[in-house]
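S.K.: need a structure here:
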Amino acid sequence: MRITVLDNDPGERIISGRERITVYLDGEEVKRCQTADDVLGEVVYIESDDNGSILVVNGEVQRRTCHGHVRIERCRK
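M.R.: Have a look, this model is predicted:
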């Protein structure tokens, strides 16, 4: 399954705030995840600095793509 919050991504579009989903990469929870694909084993998330603030370089939010064992959990409200 592939989930995403991005408009131009082919995954199932998730509306932030409507549904609680937790994504894990190699057993660790991924914060600020934008796309997760448990078949390809890929997550895309927004990077943060040492203080936990979103990392912006030259006006662009920095994203990182990582690969490994991805688990997607839909949480009950």
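
S.K.: pLDDT below threshold where in this structure?
M.R.: Flagging of the chain using pLDDT under 70 yields the residue ranges 77.

S.K.: Now do the strands in it.
M.R.: Applying DSSP state E to the chain gives strands spanning 2-4, 12-13, 20-25, 28-29, 33-37, 42-46, 56-57, 60-61, 63-67, 70-75.

S.K.: Which strands and helices lie in contact with the first one?
M.R.: It stands for strand 2-4. On a contact count with 3 or more Cβ pairs under 8 Å, 6 or more residues apart in numbering; DSSP states H and E, strand 2-4 meets strand 12-13, strand 33-37. All C-beta atoms are positioned from the backbone trio N, CA, C, and that covers glycine.

S.K.: so which of the strands of the chain is the most packed in?
M.R.: strand 33-37 (a mean of 22; mean count of other Cβ atoms under 10 Å).

S.K.: Tell me the bridge partners for the one residue sitting closest to the centre of the chain.
M.R.: Nearest residue to the geometric centre of the chain (Cα atoms, centre = their mean): C33, 1.7 Å. Taking DSSP bridges as the rule, C33 bridges to Y45.

S.K.: Please apply the same query to R2.
M.R.: D37.

S.K.: Please tell me I have it right and it contacts V39.
M.R.: Yes: in this structure R2 lies within contact range of V39 using Cβ atoms under 8 Å: 7.1 Å.

S.K.: tell me the contacts of the residue nearest to the centre of the chain?
M.R.: V23, V43, V44, Y45 (Cβ atoms under 8 Å, 6 or more residues apart in numbering).

S.K.: Tell me the one of the residues you listed nearest H67?
M.R.: V43 (8.0 Å; Cβ to Cβ).

S.K.: pretty sure the closest one contacts A36?
M.R.: Yes: applying Cβ under 8 Å, one finds V43 in contact with A36, separated by 4.9 Å.

S.K.: contacting residues for V39?
M.R.: Contacts of V39 by Cβ under 8 Å, 6+ apart are M1, R2.
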